[in-house]
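Peer 1: Below: sequence and its predicted model.
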Amino acid sequence: MGISPALGPAREIALSTGRIRYHDIGTGAPVVFVHGLLVNADLWRKVVPGLVAAGHRCLAPDWPLGSHSIPVPEADLTPTGLADLIAEFLDALDLTDVTVVANDTGGALTQLLMTRRPERIGRVVLAAVDCYETFPPFPFGALLKVAKLPGTIAPLLAPMRWKPVQRLPLGFGWVTKHALPGEIAQSYLGPARRDAAIRADLRRFAAGVSNRHTLAAAERFAEVDLPVQVIWSTEDKLFPMALAERLVTDLPRASLRTVADSYTFLPEDQPELLTELIVEFTRLHAAP
């Protein structure tokens, strides 16, 4: 559902349990983005151009997390199922030495990917992500519990068409420090409001969210032989800095960079700085 031309042309790929829409632009070492709940490839629209200019091929899928445009009723949308779907995407496009850049919920999925299917990954950026006990973070845990119930998602999302409601904590108010442009908010919220099949996918994902998945991944962090750049906002309302510090302690090759004037959605609030940090990291850990 990504609408920004900066992401490059939209394509589709048929995987074993459904089709995934993605954007693909640039040449060179591949970067694959993993967004979180109720956003899509548009999250990366201000990051992709700088990475392309730095010599990367950028692939930004719309993962089936509620803001996608192609329903996947046959797909396993548990966290481990989605991690395996990401791995299948990398396999299907024969991508190697991939830099995976993840934000928010996408970081939880990426931790599962790192510990289950690391073979195509060269390095990882975890930019303000769910981890350890915090999957999902407060206050969204209660929202996901309600979303598991049939018929609840449409009335939950209906008020979100109004900008003042979007700025509430259960909207985008605690994940973006600065208000989203109207067309981007619509890109994120429109698919689940319009399409019952997308809502059904979202409900299936909500039913599987549990910190047992992130805690299980954390038990295997010592085995992860990948460079990992942890990037965290000093003002994050969902993920305290202590989580970032734990990641850096537990992942053998991890380092931490901090960002000010941002909440969780670093690609929305501080895209230029995030881009600079990603480029610096990929150059530092480029394949020989």
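Peer 2: That came through fine.
Peer 1: did I read that right, Val52 in a helix?
Peer 2: Yes: the assignment for Val52, made by DSSP: H, G, I helix; E, B strand; the rest coil, places it in a helix.
Peer 1: In contact with the closest residue in space to it that isn't next to it in sequence, which residues are there?
Peer 2: The shortest distance from Val52 to any non-neighbouring residue, by C-beta to C-beta, 6 or more residues apart in numbering, is to Gly26 (3.7 Å). Yep, even glycine has a C-beta here, placed from its N, CA and C like the rest. Taking C-beta atoms under 8 Å, 6 or more residues apart in numbering, we find Gly26 in contact with 8, 48, 51-52, 55-58.
Peer 1: How much space separates Gly26 from Leu243?
Peer 2: 31 Å (C-beta to C-beta, to the nearest Å).
Peer 1: so of the contacts of Gly26, which ones are in helices?
Peer 2: 48, 51-52 (DSSP state H).
Peer 1: Buried among the contacts of Gly26? Need that as a selection in ChimeraX.
Peer 2: Buried subset of these, written as a ChimeraX selection, criterion 16 or more other C-beta atoms under 10 Å:
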select :8,48,51,52,56,57,58
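Peer 1: just the contacts of Gly26 now: which is nearest Ala147?
Peer 2: When the contacts of Gly26 are compared for distance to Ala147 (C-beta to C-beta), Val48 wins out at 29.6 Å.
Peer 1: I'd say that closest one and Tyr22 touch.
Peer 2: No: Val48 is beyond contact range of Tyr22, at 11.9 Å (criterion: C-beta atoms under 8 Å).
Peer 1: all strands of the stretch 51-200 of the chain, in order?
Peer 2: Taking DSSP state E, counting those that start in this stretch to define them, one finds strands in the stretch 51-200 of the chain at 56-61, 98-104, 121-129.
Peer 1: Between the ones you listed, which one is closest to Phe205.
Peer 2: strand 98-104 (13.3 Å).
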